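J.: this is a predicted model, with the sequence first.
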2 protein chains.
Amino acid sequence: MKRIAESTVRRLSLYLSFLEGIERQGQTTISSDDLARLGGTTSAQVRKDLSLFGSFGKRGLGYAVPELSEKLREILGLGKEWKVCIVGAGKIGAALARYRGFAERGFHVAGVYDVDEAKIGKRWENLTVRSIADLEKDASKLEYDIAVVATPAENTPAVVRQVVRAGIKAILNFAPIQLSVPADVTVRNVNMAMELEGLSFALSNRGD
Amino acid sequence: MKRIAESTVRRLSLYLSFLEGIERQGQTTISSDDLARLGGTTSAQVRKDLSLFGSFGKRGLGYAVPELSEKLREILGLGKEWKVCIVGAGKIGAALARYRGFAERGFHVAGVYDVDEAKIGKRWENLTVRSIADLEKDASKLEYDIAVVATPAENTPAVVRQVVRAGIKAILNFAPIQLSVPADVTVRNVNMAMELEGLSFALSNRGD
DNA sequence: CTTAGTTTGTGAACTTATTCACAAGCCTTC
DNA sequence: GAAGGCTTGTGAATAAGTTCACAAACTAAG
């Protein structure tokens, strides 16, 4: 399969969320043009994105909503339940552990870890915070697929080394630093400072 | 000034964070090549990004660290303090209100709002949760620059209409939906579901 | 003062991503 | 079952973004 751009994957994810809404409203069919309008893009873009994976539409009619959303779930790998661990039991980690959105979309939070002795052993929802030192051992049993890293910047490189050592191949990083990981580990960054600075830039340069 | 790509702005933001680290370590000069290595890009990319705004380096020598970081702060509009309000006093809103990173980078959280009667009036850090109905009135006095929207998906469109009505021109959106706003309002989205699905896709398609 | 060693700034080349545009296919109606 | 009205799927054209490659400019050393 040819390489798929990250921007394409983001759009697929977006289309899926629209389709789920539309499905709930009982609409059974949708055109690329309607999907494009919802997502702020063009119909050609929608069709091109989908055509990378096959032909799912009917000419003259559009796409069958349940069929297409099933197809997208399959493409995005949402058929299986992914096992997630949260590393870093601070404010962000806490918010994430309680976030309903994970489970809703098939991401099962199966463990929480921290370096801080004071936090280890505390209960969080239905989980107990464990020592990061146990991660590698736990991972061999629990087979985590994804690590959500929400540690202070200074601890993060060491934490990430442990995550990599535990054999986890996907990281969602909330720390405001650039991770360095082997090529077979996929990283996505959520960096609030960067987003805010993007807004700051936009506000400063309006009308240029 | 010519249009600057979002990807460029993200990189500038990244360079700035590296420069701040380097500055603290006392290094006074840095080459585009070093910056590139830190950011996982190429030296040509770094130079091209910077050259969009001027010539800040010295040939044969590189960039003066304090000078360049000052220049980047200026470009990104970080010279002034931006006034931020958080809309949505739920879990994410709470985590954000307590997040130190805002203030550190010149983003002053000056208000928290919610629709929920039960939450209005509660104290959060040094702020009191106010009714979203007050936003427009408050905005005329407080002159919010940025609204951080962290409301449940179903309330978000209405909330965003109020934010727009209050004259706020920049929104950081945490709700998992696509906002529709006038062209002069800049939106950045932070969508965890989308990031997780990106990782899910990557995990499902390794080695293709 | 000249040479050797760096590193920038930037057109040009290349690569990637988006948009255009239209033939092919499907549905409905008569 | 033929005609009209849509909408897909996709090559071709365009636009956007990245990398190449090199002259120009600076430092340090002799």
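T.: In hand now; what should we look at?
J.: strands of chain A, start to end?
T.: Remark: strands assigned in chain A by DSSP state E are A:29-30, A:57-58, A:62-64, A:82-87, A:107-114, A:123-124, A:127-131, A:146-149, A:170-173, A:186-189.
J.: need the ones you listed in a markdown table with mean pLDDT and distance to DNA strand C, can you?
T.: Heads up, the C-betas are built off the backbone N, CA and C, glycines and all. Converted to a markdown table, those look like this (pLDDT from 0 to 100; distance: least, C-beta to the nearest atom of the strand, whole Å):
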| stretch | mean pLDDT | distance to DNA strand C |
| --- | --- | --- |
| strand A:29-30 | 98 | 10 |
| strand A:57-58 | 96 | 5 |
| strand A:62-64 | 98 | 10 |
| strand A:82-87 | 97 | 25 |
| strand A:107-114 | 96 | 26 |
| strand A:123-124 | 88 | 39 |
| strand A:127-131 | 96 | 38 |
| strand A:146-149 | 98 | 23 |
| strand A:170-173 | 98 | 20 |
| strand A:186-189 | 97 | 15 |
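J.: most tightly packed of those strands?
T.: strand A:146-149 (a mean of 28; mean count of other C-beta atoms under 10 Å in any protein chain shown).
J.: tell me which strands that strand pairs with, and in which orientation.
T.: When sheet partners are counted by DSSP bridges, strand A:146-149 sits next to strand A:82-87 (parallel), strand A:170-173 (parallel).
J.: circling back: nearest to residue B:191, of the strands of chain A?
T.: strand A:186-189 (10.9 Å; C-beta to C-beta).
J.: what packs against the closest one?
T.: If you count contacts as 3 or more C-beta pairs under 8 Å, 6 or more residues apart in numbering or on different chains; DSSP states H and E, strand A:186-189 packs onto strand A:170-173, helix B:192-204.
J.: for those, which one ends up most surrounded?
T.: Burial of those is given as mean neighbour count (mean count of other C-beta under 10 Å); strand A:170-173 ranks first at a mean of 24.
J.: touching that one from outside, list them.
T.: Here strand A:170-173 makes contact (C-beta atoms under 8 Å, 6 or more residues apart in numbering or on different chains) with A:145-149, A:156, A:160, A:163, A:179, A:181, A:185-190, B:192, B:195-196, B:199-200, B:202-203.
J.: can you give me the angle the lengthiest helix in chain A makes with helix B:6-24?
T.: For chain A, the helix that runs over the most residues, judged by DSSP state H, is helix A:6-24. Put simply, helix A:6-24 runs at 120 degrees to helix B:6-24, going by axes from the mean of the first three to the mean of the last three C-alpha atoms, to 10 degrees.
J.: can you add distance to residue A:36 and give the strands paired with strand A:146-149 back as a markdown table?
T.: Below are the strands paired with strand A:146-149 laid out as a markdown table (distance: least, C-beta to C-beta, whole Å):
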| stretch | distance to residue A:36 |
| --- | --- |
| strand A:82-87 | 29 |
| strand A:170-173 | 28 |
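J.: just so I know, which of those strands lies nearest residue A:27?
T.: The closest of the strands paired with strand A:146-149 to residue A:27 is strand A:82-87. By C-beta to C-beta, the value is 29.1 Å.
J.: and the closest one with strand A:107-114, angle?
T.: 20 degrees.
J.: list the residues that contact residue A:6.
T.: By C-beta under 8 Å, 6+ apart, residue A:6 lies in contact with residue B:198.
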